[in-house]
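Q: Need a 3D model of the sequence below.
(2 chains)
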Amino acid sequence: MRFLVFWCFLLIVVASLNPVANAECDASCVGYSDPLQINCSGGGGCQSFYMKVFCSSGCTCGDCASQGSSGQCCGRIYYLAVVYGNGEGGCECGDVKQHAQTHSNRLNPEGRRTVDLRQDYSPGLIMLTATESVREAGFGYAYNRCAHNYQLVFEVDQPEKHGGL
Amino acid sequence: MPMRYLVFVIGLELAGTLLTAQTSGLPHDGTQGSSRVAENSAPTKTKSRGDSSNVVDRHFARVRTITSPTEMANTFVNALQCDGDGNVYFRADVDGTSGIHKLNNKAERVALFEPNANADLKIDAATSFALESDVGDLYELVFPHEINRYVFVYKPDGTLKSKVKLQPGFPFFPSKVAVFPGGQLLISGTEYDADKSATRWPFTGIFAPDGRLLKELELGDEKDLHDLAKLGDTRFVLQGTNASLAVGNGQLEVAADGNAYLMRWTNPAIFYAISAGGEVVRWFTVDPNEPAYRPSEMHIHKNRIAVLFIEPQTNEKIMKIVDLEGHAVATYDELKVNGKPRDVLGASFACYTENPTRFTFLGANDDSRVELWIAEIR
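A: Residues are numbered from 1 along each chain as shown, chains lettered A, B, ... in the order given. Modelled structure (predicted):
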């Protein structure tokens, strides 16, 4: 038992010191596609639509469940992919960081069209002012590999300013 | 750059084994005011805006239904095209691997474009496609089981002509493609942030016919779309993903003036006219003047653009016609009887022609037979 506790402790220390230490990805390197609108047609003149993502090769080490979540459209079930990242490295994907830094416009903090696009409201967000929103505190669960249970984690974002006012 | 931080952690955090099931925030019912901040246009762009009224000129209504003798389907991926001969192209399976169906004007299948027919690549998915205007070759975005993305080029009869490996020099997620008369490809999509787990950035690039990236474009809205998605605004990001609704659901077509018109899935819909050389000739917005509406499909006929806007809850529709500079030409809604649409035309808007003004929608009957629904102005 002491031996097991020691190894758990050691694992925690190593993971916290260097969480993505150039490890190989033991799973797959995956990523979400951009969403596509899927239109449904059904009996009784039903017409509806939903947004679909699928998994493709990407830069996140983990697994993709192609039927990770589901819904219904005109009475027919559909499935959405869910990527479960495992936090490992090994999916470096080439020159992502260096290329991302080449965009001069992206370093410019001026948001030119944000206010126009927001239309003075922010679905899913708490709007503090016309140019400041914040997400409601989220919570999630961290899996404790040693104790084999999930533990509650709170996550809070700072209010974020946007728009060119 | 805002700094995200953990306020506190109850229990033990094991880095590398974090499985997060984040709850969604409550929707904010803020007022949907009409005040807008004037947009600034960059020096290289000109901006024009359509009308700002809610006036509907006339209505569109189904005048003819053509039931396919060959096709069965209940879902249609919102990447629909028509060619100058009146053929309709659609994809029915959501991962795209079973092919694009080409129907003639009697709704008979005349060709099938199958990426999986190519045995040397395992295909994960295929998404949007474009038609080359002269010969009618079909260009399809294909995701093989590798980090490289491809464009498959097919002859009009569905046989594979070539495979073009896209070589931007970094991983990306293409979502829309257009082909210029000279063979260059305009591709929009997203690319990773320096932090690979963060919200992705819009990407727009011109590729040579052999797949080399010739030019990456900065349209000017990348930061806005990225930041709104990063904030979690559900109009810009699909919850639980780092993918962009504004880009992924955008539309892209080449017009008779030789420019490609890229539409963002936003309200108002932002359009960019882009030349084959990668110059942003102009940009403009098309506004449905109804805040809840979203652009569903866009098609171009000669010097006219038709944008179908849909209200997601009620499925009510507005069709805005503008010219290639964004000036409003006409606004139509569905013909209603007793306050309800007489026909239920759905969101699968496939074709637009003028003289007479005609819109073709795809749907299915109760037996799942594919139907072409021809709508005209009434």
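Q: roughly how far is the longest strand along chain B from the heart of the chain?
A: Counting by DSSP state E, the longest strand found in chain B is strand B:58-72. Its chain's C-alpha centre and that of strand B:58-72 lie 22 Å apart, by Cα atoms, centre = their mean, to the nearest Å.
Q: For it, which outside residues touch it?
A: Residues outside strand B:58-72 that contact it (Cβ atoms under 8 Å, 6 or more residues apart in numbering or on different chains): B:92, B:101, B:103, B:105-109, B:319, B:330, B:332-336, B:342-343, B:345, B:357, B:359, B:361, B:364-365, B:368-378. Placement of C-beta: from N, CA and C, glycine included.
Q: Go through those and flag which are in strands.
A: B:101, B:103, B:109, B:319, B:330, B:332-334, B:336, B:359, B:361, B:364, B:369-377.
Q: Between the two ends of stretch B:252-267, what distance do you get?
A: Length of stretch B:252-267, first residue to last, Cα to Cα, to the nearest Å: 16 Å.
Q: what's the answer for stretch B:193-212, then?
A: Terminal-residue distance, stretch B:193-212 (Cα to Cα): 21 Å.
Q: buried set for that stretch?
A: By neighbour count, and taking 16 or more other Cβ atoms under 10 Å in any protein chain shown as the criterion, the buried residues in stretch B:193-212 are B:193, B:196, B:198-207, B:211.
Q: Which strands border the helix or strand just after the longest strand of chain B, and is each parallel or antiparallel?
A: Heading C-terminal from strand B:58-72, the first helix or strand you meet, by DSSP states H and E, is strand B:75-77. Looking at strand B:75-77 with DSSP bridges, its partner strands are strand A:36-42 (antiparallel).
Q: Hey, what's the angle from the strand it pairs with to strand B:358-364? Just curious.
A: Per axes from the mean of the first three to the mean of the last three Cα atoms, to 10 degrees, the angle that strand A:36-42 makes with strand B:358-364 is 70 degrees.
Q: Could you chop chain A up by domain?
A: A:9-94, A:110-165 (automatic domain parsing).
Q: same question for the longest one, mean pLDDT?
A: Right, the one you point to is domain A:9-94. If you average the pLDDT over domain A:9-94, you get 82.
Q: can you pull out the strands in chain A?
A: Counting by DSSP E, the strands of chain A are A:28-32, A:36-42, A:46-52, A:55-57, A:60-73, A:76-85, A:126-129, A:132-134, A:138-144, A:149-155, A:160-161.
Q: In CSV, list those strands along with mean neighbour count and distance to B:Thr314.
A: Converted to CSV, the strands of chain A look like this (neighbours: other Cβ atoms under 10 Å in any protein chain shown; distance: least, Cβ to Cβ, whole Å):
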stretch, mean neighbour count, distance to B:Thr314
strand A:28-32, 22, 29
strand A:36-42, 24, 16
strand A:46-52, 20, 11
strand A:55-57, 22, 32
strand A:60-73, 16, 16
strand A:76-85, 17, 21
strand A:126-129, 14, 24
strand A:132-134, 20, 27
strand A:138-144, 17, 31
strand A:149-155, 15, 35
strand A:160-161, 18, 32
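Q: closest to B:Pro295 out of these?
A: Closest to B:Pro295 of the strands of chain A is strand A:36-42 (Cβ to Cβ; 10.1 Å).
Q: hmm, who's touching the closest one?
A: With contacts defined as Cβ under 8 Å, 6+ apart, strand A:36-42 is touched by A:46-53, A:73-76, A:78, B:73-79, B:94, B:127, B:175, B:248-249, B:296, B:346-348, B:362-364.
Q: tell me the angle of the longest strand of chain B relative to strand B:358-364?
A: Going by the same axes, to 10 degrees, strand B:58-72 makes 40 degrees with strand B:358-364.
Q: Pull strand B:58-72 out as CSV, backbone CA atoms only.
A: Extracted C-alpha coordinates of strand B:58-72, given in CSV (Å, rounded to 0.1, in the frame of the first residue of the first chain):
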residue,chain,number,x,y,z
ARG,B,58,-42.5,40.1,-52.7
HIS,B,59,-42.7,36.5,-51.7
PHE,B,60,-41.2,33.3,-52.9
ALA,B,61,-43.3,30.1,-53.1
ARG,B,62,-42.9,26.6,-54.4
VAL,B,63,-44.3,26.3,-57.9
ARG,B,64,-43.0,22.8,-58.9
THR,B,65,-41.8,19.6,-57.2
ILE,B,66,-39.6,17.1,-59.0
THR,B,67,-39.3,13.8,-57.2
SER,B,68,-36.1,11.8,-57.8
PRO,B,69,-36.5,8.3,-59.3
THR,B,70,-33.1,7.3,-58.0
GLU,B,71,-32.2,9.2,-54.8
MET,B,72,-33.2,8.6,-51.2
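Q: and B:Thr285, how many residues sit next to it?
A: If you count neighbours by other Cβ atoms under 10 Å in any protein chain shown, B:Thr285 ends up with 22.
Q: do B:Val56 as well
A: 13.
Q: can you check the one 10 residues further on too?
A: Burial measure for B:Ile66: 18 neighbouring residues, criterion other Cβ under 10 Å.
Q: That one and B:Ala126: what is the separation?
A: Distance of B:Ile66 to B:Ala126, computed by Cβ to Cβ, to the nearest Å: 26 Å.
Q: Could you do B:Pro156 as well?
A: 18 Å.
Q: which of these two has more neighbours?
A: B:Ala126 (27 against 19).
Q: Quick check, pLDDT for the nearest residue to that one once chain neighbours are set aside.
A: Leaving aside its chain neighbours, B:Ala126 sits nearest to B:Gly96 (3.5 Å; criterion: Cβ to Cβ, 6 or more residues apart in numbering or on different chains). Listed pLDDT for B:Gly96 reads 70.
Q: Keep only the ones in strands among the contacts of strand B:58-72 that also lie close to chain A.
A: Residues of the ones in strands among the contacts of strand B:58-72 in contact with chain A (Cβ under 8 Å from any Cβ of the partner chain): B:Ala364.
Q: Got a ChimeraX select line for the buried ones in the ones in strands among the contacts of strand B:58-72?
A: Buried residues within these, by 16+ other Cβ under 10 Å, are selected in ChimeraX with:
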select /B:101,103,319,330,332,333,334,359,361,364,369,370,371,372,373,374,375,377
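Q: Just confirm B:Ser275 contacts B:Tyr261, I think it does.
A: No - counting by Cβ atoms under 8 Å, B:Ser275 does not reach B:Tyr261; the two are 11.2 Å apart.
Q: ok, longest helix in chain B?
A: helix B:222-231 (DSSP state H).
Q: and that helix, C-alpha only, in CSV?
A: Extracted in CSV, the C-alpha atoms of helix B:222-231 (Å, rounded to 0.1, in the frame of the first residue of the first chain):
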residue,chain,number,x,y,z
GLU,B,222,-9.8,37.5,-37.9
LYS,B,223,-9.3,39.0,-34.5
ASP,B,224,-13.0,39.8,-34.1
LEU,B,225,-14.2,36.4,-35.0
HIS,B,226,-11.5,34.7,-33.0
ASP,B,227,-12.2,36.8,-29.9
LEU,B,228,-15.9,36.4,-30.0
ALA,B,229,-15.5,32.6,-30.3
LYS,B,230,-12.9,32.6,-27.5
LEU,B,231,-15.3,34.4,-25.3
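Q: Many thanks, we can stop here.
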